[in-house]
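Student: sequence and computational prediction follow.
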Amino acid sequence: MVVAVSNRKWTLWVNIIKSIYGMDGGLGCNTNISVLRYSTAWRNIIKIGEELEKIGLNFNNLFVRTIGDGQDTRFWMDEWAGNFKLCDKYPRLFRLERKSDVFINERVTFSNGIWTFAWDWSRGLTGRLHGELEQVTSMVKSSINLQEGGSKWSFKMGASDETLRNNLIPQKIGIFVWRVMKGRIPVKVELDKTGIDLDTLLCPMCNDIVESVNHAILECKHAKEVWDGVFKWWNLPSPRNTSVVDWFSSRSSSGVSSVQMKMWQAIIWTTSYLIWKNRNQKTFQNVAWASAKIVNEVQTKAFEWIINRSRNLHYEWHQWLLNPTNLGFPLRNNLDPG
């Protein structure tokens with residue numbers, strides 16, 4: 001899924017947002033929404049970001065910037081070449097720049113396959129500054145693709161809506177599943193690859209096996225107990241060993257009809273999300289739920305989400321607990337989420 005957002009920095013709308021919520025729009029790491037007077041809509045956006053942070057997803061990192069022609073992106077003072085500003089990375093060069101808030105298109109052009117740079121220094125460059133300038137020009141050539149139009153932000157999931165959206169459950173669950181399939185949740189094996197110094201690579205839940213994505217979501221004995229409970233609830237045999245990619249990519253499951261497939265997908269996605277949430281509680285708060293409580297939470301959350309998001313389901317709570325596969329469709333034989 002891709003949602004493009006215009007990024008005209010000097011428009012009245014952007015200035016209003018900054019004046020009310022700060023330069024980062026209230027999406028920075030130090031925001032405290034309980035003491036700030038946000039509008040309901042903006043507060044909801046911020047809450048989504050906080051919910052994603054709880055499961056290890058950085059809300060801001062899900063947005064990708066397209067520079068366009070560079071006319072509304074500042075060369076030195078905006079983040080466009082990475083998670084940094086060139087003025088911070090190359091402060092000596094920046095001090096020599098005559099126009100600190102210069103835009104990209106005033107310093108860089110690309111035409112007929114040729115890059116042209118128009119620098120304006122307060123004095124000539126000497127010594128190491130020549131090397132730093134070479135780094136900057138190389139970064140420009142590798143980081144941007146100048147094209148017509150202004151810059152914009154895109155929210156990218158990296159795959160089609162068909163495989164990563166299920167209208168029966170919140171979109172944050174789909175985002176989490178996509179991250180799991182891509183191996184982009186912060187399990188200890190992945191953190192170790194980035195050079196982070198950890199006390200141990202063992203799973204925080206079982207303290208027995210090195211924590212990989214597969215282990216955390218499917219193979220840990222605590223995760224297996226949860227899956228056993230969920231499969232028993234649906235009157236299905238316990239799952240066999242598999243990978244998370246196969247697990248989430250499957251369009252069918254033994255014993256589950258095509259009518260029930262979308263609901264079953266909602267259940268396994270929700271289960272995975274709550275297993276990971278429990279793992280994080282153990283890691284950061286040293287508090288973990290018993291597997292039976294997680295299964296109960298799956299039943300509760302899934303019931304609430306599915307009933308509220310589908311026009312065609314007619315379930316009573318006791319029916320849901322006793323026989324969730326006995327769907328209540330009076331008119332249709334497929335799910336039609338609202």
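Tutor: Now that the structure is in, tell me what you want to look at.
Student: which helix in the chain runs the most residues?
Tutor: If you go by DSSP state H, the chain has its longest helix at helix 261-285.
Student: what are the buried residues along that one?
Tutor: Of the residues in helix 261-285, 261-280, 283 count as buried by neighbour count, 16 or more other CB atoms under 10 Å. (Glycine included, C-beta is placed from N, CA and C.)
Student: then stretch 288-303?
Tutor: Buried residues in stretch 288-303 (16+ other CB under 10 Å): 288-289, 291, 294-295, 297-299, 301-303.
Student: equivalent analysis for stretch 230-241, please.
Tutor: Neighbour-count burial for stretch 230-241, with 16+ other CB under 10 Å as criterion, is recorded at 230-231, 233-234, 239.
Student: cool, stretch 78-93 as well?
Tutor: Across stretch 78-93, burial judged by 16+ other CB under 10 Å covers 78, 80-81, 85-87, 89-90, 93.
Student: when you check those against the helices, which ones overlap?
Tutor: Of the buried residues of stretch 78-93, the ones assigned to helices by DSSP H are 86-87, 89, 93.
Student: and these as CSV, adding pLDDT?
Tutor: Putting these into CSV (pLDDT from 0 to 100) gives the following:
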residue, pLDDT
L86, 90
C87, 91
K89, 88
L93, 93
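Student: now these as CSV including distance to R43?
Tutor: What follows is these, written out as CSV (distance: CB to CB, whole Å):
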residue, distance to R43
L86, 33
C87, 32
K89, 34
L93, 40
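Student: what are the phi and psi values for the closest residue to T137 other than its chain neighbours?
Tutor: What sits nearest to T137 in space, not counting adjacent residues and going by CB to CB, 6 or more residues apart in numbering, is F117, at 6.1 Å. Backbone torsions of F117, given as degrees, to the nearest 10, read phi -110, psi 130.
Student: hmm, N105 and F117 touching each other?
Tutor: No: contact criterion CB atoms under 8 Å: F117 and N105 do not qualify, at 11.8 Å.
Student: which of those two has more residues huddled nearby?
Tutor: For F117 and N105, the more surrounded residue by other CB atoms under 10 Å is N105, and the numbers stand at 17 against 12.
Student: give the residue spans of the chain that score low on pLDDT.
Tutor: Applying pLDDT under 70 to the chain flags residues 1-15, 17-18, 21-40, 51-65, 83, 143-164, 241, 249-259, 312-314, 327-338.
Student: now do the strands in it.
Tutor: Per DSSP state E, the chain carries strands over the ranges 2-6, 63-66, 108-111, 114-117, 152-156.
Student: all helices for the stretch 1-150 of the chain, in order.
Tutor: 12-21, 40-54, 86-89, 91-96, 104-107, 128-143 (DSSP state H, counting those that start in this stretch).
Student: what about the helices in the stretch 151-300 of the chain?
Tutor: Assigned by DSSP H, counting those that start in this stretch, the stretch 151-300 of the chain shows helices spanning 161-164, 171-181, 188-193, 213-214, 221-233, 244-249, 261-285, 291-309.
Student: please save the CA atoms from the fifth one in PDB.
Tutor: Going back to what we said before, that points to helix 221-233. Below are the C-alpha coordinates for helix 221-233, written out as PDB (Å, rounded to 0.1, in the frame of the first residue of the first chain):
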ATOM      1  CA  LYS A 221       7.800 -23.300  23.800                       C
ATOM      2  CA  HIS A 222       5.700 -20.400  25.200                       C
ATOM      3  CA  ALA A 223       4.600 -19.400  21.600                       C
ATOM      4  CA  LYS A 224       3.800 -23.100  20.900                       C
ATOM      5  CA  GLU A 225       1.600 -23.300  23.900                       C
ATOM      6  CA  VAL A 226      -0.400 -20.300  22.600                       C
ATOM      7  CA  TRP A 227      -0.700 -21.700  19.100                       C
ATOM      8  CA  ASP A 228      -1.800 -25.100  20.500                       C
ATOM      9  CA  GLY A 229      -4.500 -23.200  22.500                       C
ATOM     10  CA  VAL A 230      -5.700 -21.300  19.400                       C
ATOM     11  CA  PHE A 231      -5.700 -24.300  17.200                       C
ATOM     12  CA  LYS A 232      -7.600 -26.300  19.800                       C
ATOM     13  CA  TRP A 233     -10.200 -23.500  20.000                       C
END
